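Sequence below, structure please.
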Amino acid sequence: MDPVINHQPPSPATAETAIECRELTKKFGDFIAVDRISFRVQRCEIFGFLGANGAGKTTAMRMLCGLSYPSSGHATVAGFDVYRQQEKIKQHIGYMSQKFSLYDDLTPLENIKFFGGVYGVAEKEIRERSHDLVRSLGLDREANKLVGGLPLGWKQKLAFAVALFHRPRIVFLDEPTGGVDPVTRRQFWDMIYEAAEKGVTIFVTTHYMDESEYCNRVTIMVDGKIEALDTPANLKHRFACDNMDEVFYRLARTARRSDS
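Predicted coordinates:
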């Protein structure tokens, strides 16, 4: 099933830059994990960041999230420098990973309270907004149950909502819909569109190439370099492909390495 059939990504509201990279590079000894990548992401844009295992996308995302220093090059995230203002970056972004986003031994409400506190949201505001958030997600009956017992789809929707709770300018989503059913994937992308329409910039990685069709623009990394960057429609036209699966595999087949 198509996860967001008949939907189009909202257009970025302004030309304001949310993320900018210029010749950004990360080396581990003689190994170049990220090789002089350059791109700009507009505010409110849904920006797909794709690449096979070992392409360097996870390393690049860690630098942009303020978790790793670049070896060279320049980058700003939400206007803050990745070398000198990593803590500022962390305060102004949200992050969601497929592997870890919530504590299974806490309830939905406890997770919201914990992460809201981590991001500096006032305790009064957490109390005022947390129950409304749980209600909007349809988790009223599960509000005081442990997250570990919830279906994966509910966990992912809650994790995304928690990543947005402190109202960040940018949210990084690392394979957010992995393993969930098609209906939940559609609902999750509805949430992404709603966030973008409210002014949040979305930076998303995914292994589902059909999902890349629902980004404003997509970049594809191969062996640490950006091999393609454009709208899905333009990429399909450029490579004479019917869908993004074909575009991705055409580029991924040229990869020489397999470890990130």
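
residues touching His207, list them.
By CB atoms under 8 Å, 6 or more residues apart in numbering, the contact list for His207 reads Glu175, Gly178. For the C-beta atoms, the positions are set from N, CA and C on the backbone; glycine is no exception.

And what about it, helix, strand or coil?
coil (DSSP: H, G, I helix; E, B strand; the rest coil).

before we move on, could you check phi and psi at it?
Backbone torsions for His207, taken as degrees, to the nearest 10, come to phi -100, psi -10.

Now do it against Ala55, distance only.
In this view, His207 and Ala55 are 12 Å apart by CB to CB, to the nearest Å.

Could I get the full set of helices for the stretch 51-200 of the chain?
57-64, 86-92, 108-118, 123-136, 152-164, 182-197 (DSSP state H, counting those that start in this stretch).

Can you show me the CA trace of the shortest one as CSV?
I take that to be helix 86-92. C-alpha atoms of helix 86-92 as CSV (Å, rounded to 0.1, in the frame of the first residue of the first chain):
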residue,chain,number,x,y,z
GLN,A,86,27.0,22.2,19.4
GLU,A,87,25.0,22.7,22.6
LYS,A,88,22.9,25.5,20.9
ILE,A,89,22.2,23.1,18.0
LYS,A,90,21.0,20.4,20.4
GLN,A,91,18.6,22.9,22.0
HIS,A,92,17.0,23.8,18.7
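
for that helix, packing partners?
strand 80-81 (3 or more CB pairs under 8 Å, 6 or more residues apart in numbering; DSSP states H and E).

Recalculate using a threshold of 10 Å.
helix 57-64, strand 72-77, strand 80-81 (3 or more CB pairs under 10 Å, 6 or more residues apart in numbering; DSSP states H and E).

Need the winner for burial among those.
Of the helices and strands packed on helix 86-92, the one with the most neighbours on average (mean count of other CB atoms under 10 Å) is helix 57-64, at a mean of 22.

Skip the chain neighbours and tell me the closest residue to the residue sitting nearest the centre point of the chain.
The chain has Leu173 as the residue nearest its centroid, 2.2 Å off, counting by CA atoms, centre = their mean. Spatially, and ignoring its direct neighbours in sequence, Leu173 is nearest to Val204 (4.2 Å; CB to CB, 6 or more residues apart in numbering).

these two touch, right, that neighbour and Phe49?
Yes. Assessed by CB atoms under 10 Å, Val204 is found in contact with Phe49 at 6.8 Å.

Now do the shared contacts for those two.
Here Val204 and Phe49 have Phe172, Leu173, Asp174, Ser212, Cys215, Val218 as joint contacts, going by CB atoms under 10 Å, 6 or more residues apart in numbering.

From these, which land in strands?
Among these, the members falling in strands (DSSP state E) are Phe172, Leu173, Asp174, Val218.

could those residues be laid out in CSV, adding pLDDT and distance to Thr107?
Output for these, formatted as CSV (pLDDT from 0 to 100; distance: CB to CB, whole Å):
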residue, pLDDT, distance to Thr107
Phe172, 97, 25
Leu173, 95, 23
Asp174, 90, 24
Val218, 96, 37
